[in-house]
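*Asks:* quick check, what structure comes out for this input:
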Amino acid sequence: MTIAKKGDKVSVHYTGRLDDGTVFDSSEGREPLAFTVGGGQMIAGFDKAVDGLGLNESKTVKIPASEAYGERQDDMVIKVGKDQFPPDMDLEIGIQLQVPQTNGRPVIVTVTEIAADSVTLDANHSLAGKDLTFDIRLVSIG
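*Replies:* Numbering: from 1, shown residues only. Next comes the predicted model:
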């Protein structure tokens, strides 16, 4: 049996669920997800789950938040003045914005609160702090 190992280019079909059973992502109905095992493209727990998986083999793996998108970090939530946004900008709770960092690279933030004179922005990944369960099926190696 052919087994996936670090450095292999693989394709997998997957379904990701939260603890309450809610599906947050799936390759069902799409092309399989292609990546290099151990290449840093995937969350650590997903990468580990595929390493050693046999061709056409399936498994279900529970990935703790620490091996997924990390724990939520309070210091990644900031309140900024409304005057920092263009006056014609239509701000709504839940929208995502790109904000430039001091190094010039943008970070994605979500508007979580809008007050009379301020806007609260959260730079945590939407899945931060959550344990994830994946059903994974290895469909190709190489």
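*Asks:* would you map the strands across the chain?
*Replies:* 9-17, 23-26, 33-36, 58-63, 77-81, 96-100, 106-114, 118-122, 132-141 (DSSP state E).
*Asks:* between the lowest-mean-pLDDT helix or strand in the chain and strand 77-81, how many degrees?
*Replies:* The weakest-scoring helix or strand in the chain, judged by mean pLDDT, DSSP states H and E, is strand 96-100 (a mean of 91). Angle, strand 96-100 to strand 77-81, by axes from the mean of the first three to the mean of the last three CA atoms, to 10 degrees: 80 degrees.
*Asks:* and the angle from strand 96-100 to strand 118-122?
*Replies:* If you take the same axes, to 10 degrees, strand 96-100 sits at 90 degrees to strand 118-122.
*Asks:* tell me which strands and helices strand 96-100 is in contact with?
*Replies:* Applying 3 or more CB pairs under 8 Å, 6 or more residues apart in numbering; DSSP states H and E, one finds that strand 96-100 makes contact with strand 106-114. C-beta: built from backbone N, CA, C; applies to glycine.
*Asks:* dump the strand it packs on to PDB, restricted to CA.
*Replies:* C-alpha atoms of strand 106-114 as PDB (Å, rounded to 0.1, in the frame of the first residue of the first chain):
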ATOM      1  CA  PRO A 106      -2.400  43.400   5.500                       C
ATOM      2  CA  VAL A 107      -4.200  41.500   8.200                       C
ATOM      3  CA  ILE A 108      -7.900  40.400   7.900                       C
ATOM      4  CA  VAL A 109     -10.100  41.700  10.700                       C
ATOM      5  CA  THR A 110     -13.800  41.300  11.400                       C
ATOM      6  CA  VAL A 111     -16.000  44.100  12.600                       C
ATOM      7  CA  THR A 112     -17.500  42.800  15.900                       C
ATOM      8  CA  GLU A 113     -19.100  45.900  17.400                       C
ATOM      9  CA  ILE A 114     -20.000  49.400  16.300                       C
END
